[in-house]
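Colleague: next input, structure requested:
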Amino acid sequence: MALPEPYVGRAAAPTGCRTKLGPVTALAVVLAAATLPALGAETPWSRIQHASLGEPAAIGGPSNGCIDGAEALPSTGLGFVSIRRHRNRYYGHPETIRLVRDLGRAMHERNGRYIMIGDLAQPRGGRMSSSHVSHQNGLDVDIWLALADSPAEAVRTTPEHRDPPSMLTPKKLNLNERFGPDQLFLIQSAAQSPAVDRILVNPGIKRALCRQENDAKWLRKLRPWWGHDAHMHIRLKCPPGSRHCKQQSPVPMGSGCGSELAWWFSLEARTPSSSSSSKPRARPQPPAQCQVLLRAS
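Modeller: Reported below is the predicted structural model:
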């Protein structure tokens, strides 16, 4: 089962994590917060079965937001297949849906295979009952790095509790034999899209690509975070017309392949601090526009 993902808008390690609080501990704090939705606990947003009829607009941020006028991703299309449809998390802003279609088409033209699409957002976004804290405003999408030969194969091999395989060796330090030119093509294609703001990948994947691609400019959008060794988490920029969308802080300049990436492999990064506080954090109030959208449901 996937862990809830924190709101990530930092360069590599959050500033506070470079002193006494490593990201492992930071993640533990997030997981311990009683104000977050419990795994499997239904939220008002997860009970909504249909998208609203308004003009498409992302509202708020990825970890405290919603979406008006969301578009549903089809179960399959040219070069892509949406898995685990029973979750009802296949909605997004039209720009998100367009990106999925573009990446699927690119893969189809390359080798005729299918990319597997995981969670986007719920019909009106908002907090999910499990797996994510983000994915709330229709601008996030998870794409598995393993490919499928057919939609039927993708659905058959990815039941709820069986994720596609990792792309890293057991210690998460190097790429394994499953990562090849097709995976590189998929990540690079996503990173080079002007609509994409950032892509979360495991630090091991980021480091391997930094070495392989010689600090290419597109690597800047790859942001290291724990997990994400079998899929990439793509986040789009606030699209035109979404005036209530909250954009994350800009990704720092440069490839991100230097000291900030090296930190993720340090003892500090991999050792939780016993002195860290696990005091629950208050959940922020949803944007007013989201409250209106929820009441209208």
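
Colleague: hey, let's count contacts and neighbours off CA atoms from now on
Modeller: Will do.

Colleague: got any ranges where the protein has weak pLDDT?
Modeller: 1-41, 272-280 (pLDDT under 70).

Colleague: quick one: the strands in it, in order.
Modeller: Along the chain, counting by DSSP state E, strands occupy 57-61, 64-68, 71-72, 76-77, 80-82, 91-92, 114-117, 140-148, 196-201, 222-224, 231-236.

Colleague: closest to Arg281 out of those strands?
Modeller: Closest approach to Arg281 among those is made by strand 64-68 (13.7 Å; C-alpha to C-alpha).

Colleague: what sits against the residue nearest the centre of the chain?
Modeller: The centroid of the chain falls nearest to His233 when counting by C-alpha atoms, centre = their mean (2.7 Å). Counting by C-alpha atoms under 8 Å, 6 or more residues apart in numbering, His233 touches 140-143, 199-201.

Colleague: quick one: the closest residue to it other than its chain neighbours from Ala262, how far?
Modeller: Of all residues not flanking His233 in the chain, Asp142 sits nearest, at 4.6 Å (C-alpha to C-alpha, 6 or more residues apart in numbering). Per C-alpha to C-alpha, to the nearest Å, Asp142 is found 25 Å from Ala262.

Colleague: same question, Lys171
Modeller: In terms of C-alpha to C-alpha, Lys171 sits 16 Å off from Ala262.

Colleague: out of those two, which sits in the more crowded spot?
Modeller: Ala262 (15 against 7; other C-alpha atoms under 10 Å).

Colleague: compare the strands of the chain and give me the one nearest Pro181.
Modeller: strand 140-148 (11.2 Å).

Colleague: ok, that closest one: who's next to it in the sheet?
Modeller: strand 114-117 (antiparallel), strand 231-236 (antiparallel) (DSSP bridges).

Colleague: ok, residues contacting the first one?
Modeller: The set of residues that contact strand 114-117 without belonging to it, under C-alpha under 8 Å, 6+ apart, is 78-83, 104, 107-108, 141-151, 154.

Colleague: just the buried ones from those residues?
Modeller: For those, a burial check counting by 16 or more other C-alpha atoms under 10 Å picks out 78-83, 104, 107-108, 141-148, 150-151, 154.

Colleague: need the longest helix for the protein.
Modeller: Scanning the chain for the longest helix, with DSSP state H as the assignment, gives helix 94-111.

Colleague: which other helices and strands contact that one?
Modeller: Helices and strands touching helix 94-111, as assessed by 3 or more C-alpha pairs under 8 Å, 6 or more residues apart in numbering; DSSP states H and E, comprise strand 71-72, strand 80-82, strand 114-117, helix 181-191.

Colleague: so what touches it?
Modeller: Contacts for helix 94-111 (C-alpha under 8 Å, 6+ apart): 56, 70-73, 77-80, 113-115, 138-141, 186, 189-190, 195, 236, 239.

Colleague: for ChimeraX, what selects the buried ones among these?
Modeller: To isolate the buried members of these in ChimeraX, using 16+ other C-alpha under 10 Å:
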select :56,70,71,72,73,78,79,80,113,114,115,138,139,140,141,186,190,195,236,239
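
Colleague: now do the contacts for Ile199.
Modeller: With contacts defined as C-alpha under 8 Å, 6+ apart, Ile199 is in contact with 191, 221-223, 232-235.

Colleague: Cys290 too?
Modeller: 59, 65-67.

Colleague: ok, so of those residues, who is nearest Ala282?
Modeller: Closest to Ala282, out of all of these and judged by C-alpha to C-alpha, is Gly65, at 15.7 Å.

Colleague: so how far is Ile59 from the closest one?
Modeller: According to C-alpha to C-alpha, Gly65 stands 5 Å off from Ile59.

Colleague: also Ser134?
Modeller: Here Ser134 is placed at a distance of 13 Å from Ile59 (C-alpha to C-alpha).

Colleague: look at these two and report which has more neighbours.
Modeller: With other C-alpha under 10 Å as the criterion, Ser134 and Ile59 differ in neighbour count, and Ile59 comes out ahead with 29 against 26.

Colleague: now the more buried one, nearest residue through space, not along the chain?
Modeller: That would be Cys245: by C-alpha to C-alpha, 6+ apart, it lies 4.3 Å from Ile59.
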